[in-house]
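Undergrad: could you look at this predicted model? Sequence included:
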Number of protein chains: 2
Amino acid sequence: MDHLPNVSNQRNSQSQTQISHLALDIGGSLIKLVYFCRYDDSCRDDDDELRSQNDSLYSKSDNGQPVLDGRIHFAKFETSKISDCLEFLSSLKLCLGGFHDCSAPLSDKIFIKATGGGAYKFADLFKEKLGFSLDKEDEMECLVAGANFLLKFTKKLLHTWMVDEDGKFERVSGTSLGGGTFWGLGRLLTKCRNFDELLELSHHGNNRVIDMLVGDIYGGTDYAKIGLSSTTIASSFGKAISDNKELEEYEPEDISRSLLRMISNNIGQISYLNALRFGLKRIFFAGFFIRGHAYTMDTISVAVNFWSKGEAKAMFLRHEGFLGALGAFMSYEKQCLDGLTVNTTQQKFPISLSSAGDKIYCSLSSNSDENGSIEHSVHGT
Amino acid sequence: MDHLPNVSNQRNSQSQTQISHLALDIGGSLIKLVYFCRYDDSCRDDDDELRSQNDSLYSKSDNGQPVLDGRIHFAKFETSKISDCLEFLSSLKLCLGGFHDCSAPLSDKIFIKATGGGAYKFADLFKEKLGFSLDKEDEMECLVAGANFLLKFTKKLLHTWMVDEDGKFERVSGTSLGGGTFWGLGRLLTKCRNFDELLELSHHGNNRVIDMLVGDIYGGTDYAKIGLSSTTIASSFGKAISDNKELEEYEPEDISRSLLRMISNNIGQISYLNALRFGLKRIFFAGFFIRGHAYTMDTISVAVNFWSKGEAKAMFLRHEGFLGALGAFMSYEKQCLDGLTVNTTQQKFPISLSSAGDKIYCSLSSNSDENGSIEHSVHGT
């Protein structure tokens, strides 16, 4: 697995660097931040290895226009801990607009691009605590813009898909069973206090302890006539009916594993059924439920493969949890805010495409930390 | 709502009546029994009201062939309590074949029609405890045969659907999130020890306590642009993430309600997406998860209506939990066992068709007890 040459620690190294663009996606569970950090001296100190590998990062212009080289950073906070997010933002050295002198005071009216329901819900809080006005962007439009942004990087590797460069989209379906359900039910059933801890538990669990399999019903044999093997899950959590065991008698690992399979299978199935309506063979999965977690991706992939009889493929992009925030970030471009456009064609970081049987994982990088950064340039117009 | 004129108590009134045909559907959670009970003297004692209303029930022939009038009975047991089922069966006065002398001993080789995985898993147990050999019928074929059997009764009322009288079918999809999940998760989360108790709890609960609604994310407003009202569930159990409440601090009623909506919504959505593939506008729901429960049917109906934008309808049949067992029962007909055929055209019980807005409930009767009986005749050939 490839790794980013440099993943900065958001709370330390960026706290004193210059942030020229910031966008937020404030969802029900998580707040996702995308921000552009100029390479200044403090940034370069952290990037010795990268700088030596990529001297061209510091070229200052390529078409006679001023260029700010730097990184796009990704960070997340739990929405329930929004005060942590506010504290983090207030610690950043925000020089919004990029070319301004950072020692000058911020103007009276700072607009920050924001999307997700929380852009409405918490608008007053941001104004009160940080003096920001949230410039609200449509959630679905941001999601599509963010997906297109990430897809551009992988286009050369995957020639067959269709990217609608106009950003035309239609919301065709959805489900209430996602990461929030995994985390919410998991928290109640296992007393885990952290999404990642719950995911980690699932690594070590066995869903057969609680799920009722076809083999459990058929006495160990399969139901081959309709293509169900003995290990197919007939009923998620179905064994809890007859086990006569209390909640405390189950291992949290097994519960987490069953939950993850239940929700991943369901997401894969609903996605495939919707893809079928539009003749799509490749399905891209995004959102913080996945967060680069191999077993989650594997379960979704297996579900898509199972229901499509191998006709459709599940695809995953690195940083897929940040699509909305990335889209909000890209919306600065549309408005040429402060005379800047973002050049998204520069590509100076590792791209990996891994294929495992019926599954293709396409990632911008495969670092296990969902927070992270990618190199980027912002050009003046 | 109409009620059956007579619903016998299976454990008392039938225990000494003559059972001529018996079929079992042994699933992972429940064992469903369908059996035909002759009208003999003991049966008539229980059916005074019915007899006076329907004298024709006791006519002995309609085409010169011998006729047994009686009732088809429905009963269920939890699979985990299979010993109760065995005890009940051993208490029945089984005169299999119908026209035999019930005082004569049962023949050495008794075949009982059975379907579901348990027909394989528990075959040895039935042989050992009751001396029955289980004559295994395919689960999907029985489901279809049972559905067709029930549909024939309502055909006159609903002219527009297509019933494939040849019993041709294809299994196109499925889900592991059904009644077993509702019950299994509900048992772990609420300590309820009974499916019906858990359903009853859901009547009194409020899912908004635990589910994260669109309005919770958007600060009380909706996301009208893509058709999501503020009360749409964005994330089932999503509020449990941020509530900082322990499991014990939630009311079991609210948990049950959220679970029911999560699973019913999901069933409705997956069913609709599959119906779309085949251009079907009416979707029949069956299985013991529903068991005539109004709120479950309502949630499934709302989900089908929501996702289909009013194009598709959810349909429910009375006794829908017994489709497999009914199908196994009907398979006696195919083999003309003991020279009998079952005449399914006789119709001497109330049929009700209720419509509530976008929803149509079609039921053979609407008694709240899933166990019950319908009048029927068995004709000799």
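TA: That came through, no problem. Numbering: from 1, shown residues only, chains lettered A, B, ... in the order given.

Undergrad: C-alpha from now on. contacts and neighbour counts both.
TA: Will do.

Undergrad: spell out which residues make up each domain of chain A.
TA: A:17-40+A:67-136, A:179-320 (the TED database).

Undergrad: any chance of the ones you listed in CSV, plus mean pLDDT, distance to chain B and mean neighbour count?
TA: Formatted as CSV, the domains of chain A follow (pLDDT from 0 to 100; distance: least, Cα to the nearest Cα, whole Å; neighbours: other Cα atoms under 10 Å in any protein chain shown):
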stretch, mean pLDDT, distance to chain B, mean neighbour count
domain A:17-40+A:67-136, 80, 4, 19
domain A:179-320, 90, 4, 20
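
Undergrad: output those domains as JSON lines; include the columns distance to B:Ile226.
TA: Output for those, formatted as JSON lines (distance: least, Cα to Cα, whole Å):
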{"stretch": "domain A:17-40+A:67-136", "distance to B:Ile226": "13"}
{"stretch": "domain A:179-320", "distance to B:Ile226": "17"}
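
Undergrad: next, the distance between the ends of stretch A:267-287.
TA: Using Cα to Cα, to the nearest Å, the end-to-end distance of stretch A:267-287 comes to 12 Å.

Undergrad: also stretch A:204-224?
TA: With Cα to Cα, one end of stretch A:204-224 sits 29 Å from the other.

Undergrad: got it, and stretch A:23-33?
TA: Using Cα to Cα, the two ends of stretch A:23-33 sit 6 Å apart.

Undergrad: what's next to it, contact-wise?
TA: A:22, A:34-35, A:73-80, A:82, A:85, A:112-119, A:180, A:321-322, A:324-326, A:328-329, B:212, B:216-217, B:238, B:241-242 (Cα atoms under 8 Å, 6 or more residues apart in numbering or on different chains).

Undergrad: just stretch A:212-224 next, same as before
TA: A:228-239, B:27-28, B:116-122.

Undergrad: just stretch A:273-283 next, same as before
TA: Against stretch A:273-283 from outside (Cα under 8 Å, 6+ apart): A:161, A:172-173, A:271-272, A:311-315, B:270, B:273-274, B:277.

Undergrad: repeat that for stretch A:321-334.
TA: Taking Cα under 8 Å, 6+ apart as the rule, stretch A:321-334 contacts A:21-25, A:32-35, A:74, A:113-116, A:137, A:139-147, A:149, A:286-291, A:340-342.

Undergrad: for it, buried residues please.
TA: A:Gly321, A:Phe322, A:Leu323, A:Gly324, A:Ala325, A:Leu326, A:Gly327, A:Ala328, A:Phe329, A:Met330, A:Ser331, A:Tyr332 (16 or more other Cα atoms under 10 Å in any protein chain shown).

Undergrad: any idea which of those residues is closest to chain B?
TA: Taking Cα to the nearest Cα as the measure, chain B sits nearest to A:Gly324 out of the buried residues of stretch A:321-334, at 14.7 Å.

Undergrad: quick one: the host helix or strand of A:Asn265 to helix B:252-277, angle?
TA: Using DSSP states H and E, A:Asn265 sits in helix A:252-277. Here helix A:252-277 runs at an angle of 30 degrees relative to helix B:252-277 (axes from the mean of the first three to the mean of the last three Cα atoms, to 10 degrees).

Undergrad: and after the top strand by length along chain A, which helix or strand comes next?
TA: Determined from DSSP state E, the single longest strand within chain A is strand A:67-78. Downstream of strand A:67-78, the first helix or strand assigned by DSSP H and E is helix A:82-91.

Undergrad: packing partners for that following helix?
TA: Packing contacts for helix A:82-91, counted by 3 or more Cα pairs under 8 Å, 6 or more residues apart in numbering or on different chains; DSSP states H and E, involve helix A:123-130.

Undergrad: hang on, the earlier thing: can you redo the contacts of stretch A:273-283 as JSON lines with distance to A:Leu260?
TA: Shown next, in JSON lines, are the contacts of stretch A:273-283 (distance: Cα to Cα, whole Å):
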{"residue": "A:Trp161", "distance to A:Leu260": "29"}
{"residue": "A:Val172", "distance to A:Leu260": "24"}
{"residue": "A:Ser173", "distance to A:Leu260": "21"}
{"residue": "A:Ser271", "distance to A:Leu260": "16"}
{"residue": "A:Tyr272", "distance to A:Leu260": "18"}
{"residue": "A:Glu311", "distance to A:Leu260": "24"}
{"residue": "A:Ala312", "distance to A:Leu260": "21"}
{"residue": "A:Lys313", "distance to A:Leu260": "20"}
{"residue": "A:Ala314", "distance to A:Leu260": "17"}
{"residue": "A:Met315", "distance to A:Leu260": "18"}
{"residue": "B:Ile270", "distance to A:Leu260": "19"}
{"residue": "B:Leu273", "distance to A:Leu260": "23"}
{"residue": "B:Asn274", "distance to A:Leu260": "24"}
{"residue": "B:Arg277", "distance to A:Leu260": "28"}
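
Undergrad: and which of the residues you listed is nearest to B:Leu198?
TA: B:Ile270 (23.7 Å; Cα to Cα).

Undergrad: quick one: which of the contacts of stretch A:212-224 sit in helices?
TA: A:Lys239, B:Gly118, B:Ala119, B:Tyr120, B:Lys121 (DSSP state H).

Undergrad: mind putting these into JSON lines with distance to B:Glu251?
TA: Listed next are the ones in helices among the contacts of stretch A:212-224 as JSON lines, based on distance: Cα to Cα, whole Å:
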{"residue": "A:Lys239", "distance to B:Glu251": "24"}
{"residue": "B:Gly118", "distance to B:Glu251": "35"}
{"residue": "B:Ala119", "distance to B:Glu251": "39"}
{"residue": "B:Tyr120", "distance to B:Glu251": "40"}
{"residue": "B:Lys121", "distance to B:Glu251": "38"}
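
Undergrad: now do the contacts for A:Asp243.
TA: With Cα under 8 Å, 6+ apart, A:Asp243 has no contacts at all.

Undergrad: if you could redo that for A:Ile110, that was the one I meant.
TA: Counting by Cα under 8 Å, 6+ apart, the residues that A:Ile110 touches are A:Gly131, A:Phe132, A:Ser133.

Undergrad: beta partners for the second one?
TA: In this structure, A:Phe132 bridges to A:Ile110 when assessed by DSSP bridges.

Undergrad: okay but it is in contact with A:Lys113, surely?
TA: No - with contact defined as Cα atoms under 8 Å, A:Phe132 does not count as touching A:Lys113 (9.9 Å).

Undergrad: can you pull out the helices in the stretch 151-300 of chain A?
TA: Assigned by DSSP state H, counting those that start in this stretch, the stretch 151-300 of chain A shows helices spanning A:179-190, A:195-203, A:214-217, A:239-242, A:252-277, A:294-307.

Undergrad: so which of those helices is nearest B:Ala303?
TA: The nearest among the helices of the stretch 151-300 of chain A, by Cα to Cα, is helix A:252-277 at 13.8 Å.

Undergrad: what residues are up against the residue lying closest to A:Ser308 once chain neighbours are set aside?
TA: In this structure, A:Ser308 finds its nearest non-sequential neighbour in A:Tyr272, 6.9 Å apart by Cα to Cα, 6 or more residues apart in numbering or on different chains. A:Tyr272 is in contact with A:Ile283, A:Val304, A:Trp307, A:Ser308, A:Ala312, counting by Cα under 8 Å, 6+ apart.

Undergrad: and of those, the nearest to A:Arg257?
TA: A:Val304 (18.6 Å).

Undergrad: now, the contacts of stretch A:321-334 that are in helices?
TA: A:Glu139, A:Met140, A:Glu141, A:Cys142, A:Leu143, A:Val144, A:Ala145, A:Gly146, A:Ala147, A:Phe149.

Undergrad: and the fifth one, how many neighbours?
TA: It refers to A:Leu143. 27 (other Cα atoms under 10 Å in any protein chain shown).
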